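A predicted structure for the sequence below; I have some questions about it.
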Amino acid sequence: AQSVTQLDSHVSVSEGTPVLLRCNYSSSYSPSLFWYVQHPNKGLQLLLKYTSAATLVKGINGFEAEFKKSETSFHLTKPSAHMSDAAEYFCVVSGGYGGSQGNLIFGKGTKLSVKP
Amino acid sequence: NAGVTQTPKFQVLKTGQSMTLQCAQDMNHEYMSWYRQDPGMGLRLIHYSVGAGITDQGEVPNGYNVSRSTTEDFPLRLLSAAPSQTSVYFCASSYPDRYEQYFGPGTRLTVT
């Protein structure tokens, strides 16, 4: 069965410092993994995706994530936080109920706060 | 290009009332789905459809019905609303060979 665990419910950083949001996954086969971002009272936007190509995935707004099979991790990073990065971030794995690859399983989310 | 649209944006219902949340997409996506978002729970899959005429249940289907008569539309019906259905509902769509989903803006539903 597929699952994801986001290790921190809340992360706080200062503007200009690095961001690390941690995600571990469990999958019975090679997974497709995603990070989505949700700004307050907004919908969800895809940040980046891993679908068995390069293990280091670059996304929008300077974010990137590295797929590490040996550690079953897919952590999200950004070298320098910006105030506009304050949002909730979801780690997601595909292949949930019914086996359809479109069925996504979401982590519980990590709220990122950015201090001036 | 409107993408995925949802109506209404906000809705308040009394316990026992019924209503339909509308979802439409103009990208000719075969796959569509409904999720609910509750604080601290992430998003959970309610129902999904891999094409017109085909629907199936997700993680939390109880209390909800769906149908898919066209590729474009995927309405979600609450037959008898309960306070436990207070949530934000998101519709999503994608091509069948692509795993990333395009999400609508959401419907915030309150059941009193």
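Looks like it arrived, so ask away.

State the helix or strand in which the nearest residue to A:Gln45 once chain neighbours are set aside lies.
Spatially, and ignoring its direct neighbours in sequence, A:Gln45 is nearest to A:Val37 (5.3 Å; C-beta to C-beta, 6 or more residues apart in numbering or on different chains). Using the backbone N, CA and C atoms, a C-beta is placed for each residue, glycine as well. Element membership for A:Val37 (DSSP states H and E) is strand A:33-38.

now chain A, which segments are flagged as low pLDDT?
Applying pLDDT under 70 to chain A flags the ranges A:96-101.

let's see it at 90
A:1-3, A:27-32, A:40-43, A:51-55, A:94-105 (pLDDT under 90).

who's in contact with the residue of it found nearest chain B?
At 3.5 Å from chain B, A:Phe106 is the closest residue in chain A, using C-beta to the nearest C-beta. Counting by C-beta atoms under 8 Å, 6 or more residues apart in numbering or on different chains, A:Phe106 touches A:4, A:36, A:90-92, B:35, B:42-44.

Can you report how many residues neighbour A:Ser80?
For A:Ser80, the tally of surrounding residues (other C-beta atoms under 10 Å in any protein chain shown) stands at 12.

Pretty sure it sits in a helix.
No: assessed with DSSP: H, G, I helix; E, B strand; the rest coil, A:Ser80 is coil; it does not lie in a helix.

if you skip the residues just before and after it, what's nearest to the residue of chain A closest to chain B?
B:Gly42 (3.5 Å).

B:Leu78 touches B:Gly16, doesn't it?
No: checked against C-beta atoms under 8 Å, the pair B:Leu78 and B:Gly16 is beyond contact range at 10.3 Å.

Cool, thanks, signing off.
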